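Enquirer: Next come a sequence and a model predicted from it.
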Amino acid sequence: MTSLILTALGLLLLLGLWAVVSYNGLVQVRNACKNAFSQIDVQLKRRYDLIPNLMETAKAYMHHERDTLEAIALARTAALAAREEVTRHPGEAAAMQGLAAAESGLGASMGRFWGLSESYPELRSNQNMMQLSEELTATENKISFARQSYNDAVMKYNTRIESFPGNLFAGIFRFIAATPFEVAEDHERAAVKVSFD
């Protein structure tokens with residue numbers, strides 16, 4: 001009788017350890033997703049901070065492009081709001097889709113801006129504009145790398161919560177699938193081309 005009780009206690013202890021290890025593994029991959037998104041967040045904030053400086057520099061030269069500059073300001077405001085929502089709810093599908101849509105709108109506005117700026121040789125030769133465009137290009141590259149890292153972390157997390165035994169604990173402890181940061185528009189897939197040579 002005593003050996004049966006000891007065996008049962010041993011099995012319960014092993015089951016408990018297995019549950020703890022599985023739960024902690026889920027927490028670890030979920031936190032890796034949050035950390036990976038925070039790297040995107042840092043670069044998005046940097047981009048959003050650079051855009052007003054870029055617009056101020058351009059205003060002095062692009063007097064007739066007020067609509068384009070206003071469109072960028074509105075798109076930036078929408079992207080900031082979407083970024084805040086994702087920061088509060090990282091990985092949630094609706095928040096990530098909102099950010100992707102806002103980023104798409106900002107990308108389209110910035111694309112129009114870069115196209116129009118080609119018509120202003122004085123603007124292209126402005127030292128401040130050249131420096132800002134270099135910083136913006138570097139930031140865009142960092143966003144791309146951070147987005148890839150985040151999407152890799154999301155894939156690992158989602159695989160863990162969908163696979164056995166993670167799926168058992170994911171359901172019990174309400175680990176929900178994370179949403180990758182997908183590029184919404186084809187024009188975003190193209191590399192940002194900023195040149196003031």
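Expert: Happy to help now that I have it. Numbers count the residues shown, from 1 in each chain.
Enquirer: where does the chain have low pLDDT?
Expert: Applying pLDDT under 70 to the chain flags residues 183-197.
Enquirer: where along it do the strands fall?
Expert: Assigned by DSSP state E, the chain shows no strands.
Enquirer: Just give me the residue right at the centre of it.
Expert: Central residue of the chain (Cα atoms, centre = their mean): residue 40, 4.4 Å from the mean position.
Enquirer: Could you find the closest non-adjacent residue to that one?
Expert: Nearest non-adjacent residue to residue 40, counting by Cβ to Cβ, 6 or more residues apart in numbering: residue 146, 4.3 Å away. Glycine gets a C-beta too; all of them are placed from N, C-alpha and C.
Enquirer: Longest helix in this protein, please.
Expert: helix 2-59 (DSSP state H).
Enquirer: other SSEs contacting it?
Expert: Judged by 3 or more Cβ pairs under 8 Å, 6 or more residues apart in numbering; DSSP states H and E, the packing partners of helix 2-59 are helix 66-88, helix 93-117, helix 127-162, helix 166-172.
Enquirer: Now do the buried residues in stretch 45-62.
Expert: For stretch 45-62, burial by neighbour count (16 or more other Cβ atoms under 10 Å) applies to 47-48, 50-51, 54-55, 57-58, 61-62.
Enquirer: how distant is that stretch from the center of its chain?
Expert: 21 Å (Cα atoms, centre = their mean, to the nearest Å).
Enquirer: tell me the contacts of residue 62?
Expert: Contacts here follow Cβ atoms under 8 Å, 6 or more residues apart in numbering; on that basis residue 62 touches 68-69, 116-117, 120, 123.
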